[in-house]
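Engineer: everything below, folded, please.
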Amino acid sequence: MKTSKPVLLAVGIVAFLLIGAGLYLQHVKNELPCPLCVMQRYAFITTGLICLVFAALPRGLTKIGASLGALAALTGAGIASWHLWVRAHPSISCGIDPLETSLNKIATAEWLPWLFKADGLCSTEYEPLLGLSTPQWSLIWFSFFALLLIWAALRQSR
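Structural biologist: Numbering: from 1, shown residues only. Take a look at the predicted model:
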């Protein structure tokens, strides 16, 4: 029986490296995260935690871990897609609205404001990274994680 533990471990590590990249952009490049950016951070952390936890569990559970990780990654891809839609329609904003207010009142945002506090606007244009915006990169990574984890879950069932 083949195991998908290396896939789970790799996705978990890369997801947390991407959180580190987001923190670099926020604290070094002064790119304030908007509510949708913060929601994508939650999705990256959820995907990473699921993958790391299930990589540490017995290998019979890796199919469940890969499936749950794929679900979290697909959720993140949906959030990133919505973020791109909002940016493509300047009349729509996720700025100071109920989403930001409610996100900033969640316990994790109060305990770890440097990671989870939404201060920016979704429509703010920052300098692209290698030609792509941050939500475009998020969508690419979430899609890659989802495909890789779906493959790992299906591979495990053979």
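Engineer: give me the low-pLDDT residue ranges for this protein?
Structural biologist: Scanning the chain for pLDDT under 70 picks out 1-3, 92-101, 120, 124, 156-158.
Engineer: which one is the residue nearest the centre of it nearest to, not counting chain neighbours?
Structural biologist: By Cα atoms, centre = their mean, the chain has its centre lying nearest to residue 44, at 2.9 Å. Nearest non-adjacent residue to residue 44, counting by Cβ to Cβ, 6 or more residues apart in numbering: residue 15, 4.8 Å away. Where you see a C-beta, it was placed from the backbone N, CA and C, and this is true even at glycine.
Engineer: hmm, who's touching the one helix or strand residue 7 maps to?
Structural biologist: Following DSSP states H and E, one finds residue 7 within helix 5-27. Helix 5-27 has contacts (Cβ atoms under 8 Å, 6 or more residues apart in numbering) with 31-33, 37, 41, 44-45, 47-52, 54-55, 59, 62, 65-66, 69, 73, 114-115, 126, 134, 138, 141, 145, 148-149, 151-152.
Engineer: please indicate which of the residues you listed are buried?
Structural biologist: 31, 33, 37, 41, 44-45, 47-48, 50-52, 54-55, 62, 65-66, 69, 73, 115, 134, 138, 141, 145, 148-149, 152 (16 or more other Cβ atoms under 10 Å).
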